[in-house]
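K.L.:
sequence and predicted structure are below.
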Amino acid sequence: MVRERRAVHSSIPEENDEGVGDVMDLSCSLPPGPRSVEYAQLAEGLGYRRLWLYDSPLLYPDVWMTLARVAEATATLELGPGVLVPGLRHEVTTAAAIATLETLAPGRVVVAIGTGFTARRLLGKGPLPWKRVETYLRRLRALLRGESISIDGRSTRMLHPSGFAPPHPLETPILVAANGPRGQAVAHGLGDGVMAIDAPPKGFSWCAVARSGTVLERGETLESPRVFDALAPAIALIYHATYEAVGSAVDELPGGRAWREEAERVPEPQRHLHVHEGHCVEVPERERIFLDPKLGAMTLTGTERELRERFAALESAGATELLYSPGGPDIPRELRAMAKVFGGY
């Protein structure tokens with residue numbers, strides 16, 4: 001069991017005199033799937049504060065439908081989509097989805113919004129410009145407050161009859177998924193905090209840092225079969241992200257050139273589909289043979305003592321929430337092991 005959490009129904013982390021969250025929370029992040037309710041109930045029982053579900057509709061089931069199922073099957077677990085991509089849904093649709101989830105899990109809903117990775121790449125497109133995200137977030141905030149906004153030159157606002165949605169204003173906390181200065185500026189201006197995959201950005205009272213990894217058992221190494229099975233999706237993600245960002249620079253990774261040459265046998269118009277097949281869930285054997293287990297060192301993987309040291313380092317650097325993304329064939333084992341270690345640090 002992890003350490004006692006802050007008040008469950010207060011989604012924005014408490015602050016100390018310096019404006020920084022006083023204790024780092026443990027949350028989990030997973031793709032929506034057939035076992036989402038089971039994993040959510042387990043996470044709730046283990047003391048995880050939040051469950052974030054990915055939003056990549058060409059890879060996983062619909063995030064909002066899955067969250068509704070989780071909401072009805074849990075009582076204290078905070079939950080939300082992470083990360084929503086503005087290009088996939090109209091602001092009105094997202095506002096209505098948030099309001100609906102708030103009726104099912106009042107006070108437990110959180111949202112993260114960003115520029116998009118697989119949700120955009122699987123459309124053959126790159127991340128959205130931050131200006132687009134900023135405009136979307138401003139409109140969404142206004143709709144949740146019950147205000148009128150202008151879309152395509154016409155005024156609109158939420159007009160749900162009494163009982164069909166919670167009363168306005170809806171103050172659902174919204175994180176901005178950002179790693180660079182432009183995104184962090186949007187997070188400071190319009191978000192309740194930031195979600196990052198790099199080092200914790202400075203100056204945020206709510207800073208969720210996403211990490212994949214596994215707890216090593218006695219005698220295990222990065223090359224151990226169980227460990228590689230658990231880390232393979234995260235290791236594949238390193239190749240995917242490097243290739244999408246800087247192309248042939250993926251050659252610098254172990255096995256990277258062979259990985260790229262195999263991928264580039266697929267014609268360019270379909271290549272993005274080939275690259276991201278099974279993303280964060282299962283690694284096709286044609287790709288797995290090129291992955292180097294040693295890259296697991298880039299994940300949150302280690303012995304109990306090593307992980308507790310890394311938790312402390314993240315918290316000291318400004319992280320207020322560790323957003324753990326387990327992988328491999330035994331998600332319950334990963335959730336239990338990480339909660340046990342976190343609870344003792």
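P.N.:
Perfect, thanks for sending it.

K.L.:
tell me the contacts of the most centrally placed residue in the chain?
P.N.:
Among the residues of the chain, residue 82 comes closest to the average C-alpha position under Cα atoms, centre = their mean, at 4.4 Å. Applying Cβ atoms under 8 Å, 6 or more residues apart in numbering, we find residue 82 in contact with 29, 52-55, 110-112, 175, 177, 195, 323. Heads up, the C-betas are built off the backbone N, CA and C, glycines and all.

K.L.:
low pLDDT regions in the protein?
P.N.:
The model of the chain has pLDDT under 70 over residues 1-22, 345.

K.L.:
let's see that with 50 instead.
P.N.:
For the chain, the stretches with pLDDT under 50 are 1-11, 14-21.

K.L.:
where do the helices sit along it?
P.N.:
Taking DSSP state H, the helices of the chain run over residues 36-46, 63-73, 91-104, 118-121, 130-144, 181-190, 225-246, 256-263, 268-275, 285-288, 304-317, 331-343.

K.L.:
and those helices: which comes nearest residue 294?
P.N.:
helix 225-246 (9.1 Å; Cβ to Cβ).

K.L.:
restricting to C-alpha, output the closest one in CSV.
P.N.:
Below are the C-alpha coordinates for helix 225-246, written out as CSV (Å, rounded to 0.1, in the frame of the first residue of the first chain):
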residue,chain,number,x,y,z
PRO,A,225,13.3,-12.6,-20.0
ARG,A,226,10.6,-11.3,-17.6
VAL,A,227,12.2,-7.9,-17.4
PHE,A,228,12.6,-7.6,-21.2
ASP,A,229,9.0,-8.7,-21.7
ALA,A,230,7.9,-6.0,-19.3
LEU,A,231,10.1,-3.3,-20.8
ALA,A,232,9.8,-4.2,-24.5
PRO,A,233,6.9,-1.8,-25.2
ALA,A,234,8.8,1.1,-23.5
ILE,A,235,12.0,0.3,-25.3
ALA,A,236,10.2,0.1,-28.7
LEU,A,237,8.8,3.6,-27.9
ILE,A,238,12.3,4.9,-27.7
TYR,A,239,12.9,3.8,-31.3
HIS,A,240,9.5,5.1,-32.4
ALA,A,241,9.9,8.5,-30.9
THR,A,242,13.5,8.9,-32.1
TYR,A,243,12.6,8.0,-35.6
GLU,A,244,9.6,10.3,-35.8
ALA,A,245,11.5,13.2,-34.3
VAL,A,246,14.9,12.9,-36.1
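
K.L.:
please compute how far that helix lies from its chain's middle.
P.N.:
16 Å (Cα atoms, centre = their mean, to the nearest Å).

K.L.:
got the angle between it and helix 331-343?
P.N.:
90 degrees (axes from the mean of the first three to the mean of the last three Cα atoms, to 10 degrees).

K.L.:
please identify the most buried of the helices of the chain.
P.N.:
Sort the helices of the chain by mean neighbour count, taking mean count of other Cβ atoms under 10 Å, and helix 118-121 sits at the top with a mean of 23.

K.L.:
ok, the residue lying closest to residue 32 once chain neighbours are set aside - contacts?
P.N.:
Ranked by Cβ to Cβ, 6 or more residues apart in numbering and with sequence neighbours excluded, the top spatial neighbour of residue 32 is residue 66, at 3.8 Å. Residue 66 makes contacts with 32-33, 36, 53, as judged by Cβ under 8 Å, 6+ apart.

K.L.:
so residue 294 touches residue 254, yeah?
P.N.:
Yes: if you go by Cβ atoms under 8 Å, residue 294 and residue 254 touch, sitting 6.7 Å apart.

K.L.:
could you check how far the residue nearest to residue 32 is from residue 177?
P.N.:
19 Å (Cβ to Cβ, to the nearest Å).

K.L.:
what of residue 216?
P.N.:
Distance, residue 216 to residue 177, by Cβ to Cβ: 29 Å.

K.L.:
neighbour count: the two, which is higher?
P.N.:
residue 177 (24 against 21; other Cβ atoms under 10 Å).

K.L.:
quick one, what contacts residue 293?
P.N.:
222-223, 227-228, 231, 235.

K.L.:
and the two most separated of those?
P.N.:
Greatest spatial distance among the contacts of residue 293 (Cβ to Cβ): 223 and 235, at 12.1 Å.

K.L.:
contacting residues around the nearest residue to residue 91 once chain neighbours are set aside?
P.N.:
Nearest residue to residue 91 in three dimensions, chain neighbours excluded: residue 139, at 4.5 Å (Cβ to Cβ, 6+ apart). Each residue near residue 139 by Cβ under 8 Å, 6+ apart is listed here: 91, 149, 151.

K.L.:
cutoff 10 Å now
P.N.:
86, 90-92, 94-95, 147, 149-151, 156 (Cβ atoms under 10 Å, 6 or more residues apart in numbering).
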